[in-house]
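Student: sequence-free structure coming up:
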């Protein structure tokens, strides 16, 4: 429960900034267009990509995760406080490039708290699908609360989400200090050895690819989705945050039962069929002709996303031995963060240059395409015993 609370807190801190990102970026010296918002969000996820596996491999090598989570959470909180100082303290106003550098440093710390909290959940007994479902609930509920509260805080003060995000991450650090470290007791090997073992297992490419595409859709909605609803339907940050919650609430609440379902029926149907339905529902949001219909379809997007997410993460824990789970899930988060980054960049560029509908088509069809391409590989991995390596990822 405490670990799920930590995952929840990290997501709350992140998503608090999303609904009002255009307002926040202006206060920090950027412009109000989608390009500046894209850079602001992408900076954090660039650091996620670089440091996710490093944190995981480090925790596997030293045999401890708890104190690393605390360090990561406090570092993330410090980055938000520095941004507040840049915006409010006379003499500290900096160029927007410096703001992006602060976001990079904050992301390098925050990903440690996020990735290792999920890894500690995976260390628990009870079924990989169920444990990853618990992580998914925490992720979804954190994103749901962050989107609603962040939107409302923005209407009060664009900087208010930064204060709230720092407070939440400090709370995460305090809470995690009460969690006993359950890192598997196995022979410790170096970080480089662990990473080399992972690269020698091509089967990991399958869940990593799904993680990339799935997170790309989330990054797309975090940036383009917010601008789409605000520009197309004329809603404010609070309403846009509420619309994001229509996705995140079912996405959260259904992950635990859907994760448990994948433990019973296998990963194939939730991953492959779920991805196809997920992609189609994303496209439907983009072609909806009214605010009410588009908002309602966001609920459907959340349902199908919840079917896919825990089963995809469980594929990683199915393939990885316990002694390498931190690095394996760290690798999954690297590709997930790359996906988030791609969602910001690809979605933002396509929406800015061509329009919102083409951007929805690109992202939605990508989700359908990965399901079609990976049908055989997912079926083969699904037939393996936990911890057994697949011969290839084809």
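Tutor: Okay, I see it. Because the structure is predicted, anything quoted here is derived from the model rather than measured.

Student: what are the ranges of the helices in the stretch 201-350 of the chain?
Tutor: With DSSP state H, counting those that start in this stretch, the ranges of helices along the stretch 201-350 of the chain come out as 205-220, 226-233, 237-253, 255-265, 268, 274-287, 291-319, 325-353.

Student: same for the first one, what does it pack against?
Tutor: In terms of contact count using 3 or more CB pairs under 8 Å, 6 or more residues apart in numbering; DSSP states H and E, helix 205-220 is assigned the packing partners helix 274-287, helix 291-319, helix 325-353, helix 356-373, helix 375-382. (Each C-beta comes from the backbone N, C-alpha and C, glycine too.)

Student: do the second one as well
Tutor: Contacts of helix 226-233 with other secondary structure elements, assessed using 3+ CB pairs under 8 Å, 6+ apart, are made with helix 21-27, helix 237-253, helix 291-319, helix 356-373.

Student: burial of residue 135, as a residue count?
Tutor: Using other CB atoms under 10 Å, the number of residues around residue 135 comes to 29.

Student: now do the contacts for it.
Tutor: 4, 7, 118, 121-122, 255, 310, 313 (CB atoms under 8 Å, 6 or more residues apart in numbering).

Student: repeat the analysis, applying 10 Å as the threshold.
Tutor: Residue 135 makes contact with 3-4, 7-8, 114, 117-122, 255-256, 259, 309-310, 313-314, 329, according to CB atoms under 10 Å, 6 or more residues apart in numbering.

Student: hmm, which helix or strand of the chain has the shakiest average pLDDT?
Tutor: helix 191-199 (a mean of 56; mean pLDDT, DSSP states H and E).

Student: that older thread, among the helices and strands packed on helix 205-220, which is nearest residue 174?
Tutor: helix 325-353 (22.5 Å; CB to CB).

Student: now the closest one, how far from the centre of its chain.
Tutor: 8 Å (CA atoms, centre = their mean, to the nearest Å).

Student: by contact count, what packs against that helix?
Tutor: Packed against helix 325-353 by the contact rule (3 or more CB pairs under 10 Å, 6 or more residues apart in numbering; DSSP states H and E) you find helix 34-62, helix 96-123, helix 128-156, helix 191-199, helix 205-220, helix 226-233, helix 291-319, helix 356-373.

Student: how about TSV for those, with distance to residue 333 added?
Tutor: Below are those laid out as TSV (distance: least, CB to CB, whole Å):
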stretch	distance to residue 333
helix 34-62	4
helix 96-123	5
helix 128-156	11
helix 191-199	13
helix 205-220	8
helix 226-233	23
helix 291-319	10
helix 356-373	18
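
Student: quick one, which of those is nearest to residue 250?
Tutor: The nearest among the helices and strands packed on helix 325-353, by CB to CB, is helix 291-319 at 3.7 Å.

Student: return the angle between stretch directions for that closest one and helix 356-373.
Tutor: 30 degrees (axes from the mean of the first three to the mean of the last three CA atoms, to 10 degrees).

Student: tilt between helix 291-319 and helix 325-353?
Tutor: Using the same axes, to 10 degrees: helix 291-319 against helix 325-353 is 150 degrees.

Student: how near is the closest residue to residue 278 other than its chain neighbours to residue 222?
Tutor: Ranked by CB to CB, 6 or more residues apart in numbering and with sequence neighbours excluded, the top spatial neighbour of residue 278 is residue 304, at 3.9 Å. Applying CB to CB, to the nearest Å, the value for residue 304 to residue 222 is 18 Å.

Student: over to residue 21?
Tutor: Counting by CB to CB - residue 21 and residue 222 are separated by 8 Å.
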